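How does the following fold in three dimensions:
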Amino acid sequence: MAHEHPILLVEDNSDDVFFLRRALKTKGINAPVEVASDGRAAMAYLGGSGKFADRTKHPLPRLVLLDLQLPYFTGLQVLGWIREQAALKRLPVVIFSSSSQARDIDSAYALGANSYLVKPTDVAELGRIIEAIRIYWLETNHGPTLT
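Purely as a prediction, here's the structure:
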């Protein structure tokens, strides 16, 4: 029996991971959360390679929250790779970055990001953003079939 499709959080900052996990739980998001701490790990998870080869244990995520500043491969490189993969090109990817620079936002959309959110510095604002993610991406939106 396959497990529920998780949320894949691609984030190298352990503090951000902690606060994001807490906000997800506080806002009633009960989907499992998988964490990839760098671009290479994200690509391995999404590609089902190495320790992630068993899709029963490591199903494709229903949503990817992708930081831009990552070790090995940047978030933009990971996003470009995702959109080149036939099995992944429709996967919902939300950029969740501290950068509010127009060039980063424009590059993310040009590479196929579904949304671009700027990480807040305030915990209350983080909760508001996570609530919006829950309502839109996990409850309202009908995502593609994941195999």
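
who's in contact with the longest helix anywhere in the chain?
Secondary structure of the chain per DSSP state H: the longest helix is helix 14-26. Contacting residues not belonging to helix 14-26 are listed as 7, 9, 11, 33, 35, 37, 65, 67, 119, 123, 126-127, 130 [Cβ atoms under 8 Å, 6 or more residues apart in numbering]. C-betas here are computed from N, CA, C, even on glycine.

So which of these sit within helices?
Among the contacts of helix 14-26, the members found in helices (DSSP H) are 123, 126, 127, 130.

Any of those buried? List them.
In the ones in helices among the contacts of helix 14-26, burial by neighbour count holds for 126, 127, 130, counting by 16 or more other Cβ atoms under 10 Å.

separation between the closest residue to the last one other than its chain neighbours and residue 62?
The one in question is residue 130. In space, not counting the residues next to it along the chain, residue 130 is nearest to residue 23; the distance is 4.2 Å by Cβ to Cβ, 6 or more residues apart in numbering. Separation of residue 23 from residue 62 (Cβ to Cβ, to the nearest Å) stands at 17 Å.

Likewise for residue 141?
10 Å.

Next, the contact list for residue 35, please.
Contacts for residue 35 were tallied using Cβ under 8 Å, 6+ apart; they are 8, 9, 10, 11, 17.

For those residues, give me CSV that also has distance to residue 102, neighbour count and pLDDT.
Output for the contacts of residue 35, formatted as CSV (distance: Cβ to Cβ, whole Å; neighbours: other Cβ atoms under 10 Å; pLDDT from 0 to 100):
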residue, distance to residue 102, neighbour count, pLDDT
8, 26, 25, 96
9, 25, 23, 97
10, 22, 29, 98
11, 23, 26, 95
17, 27, 16, 94
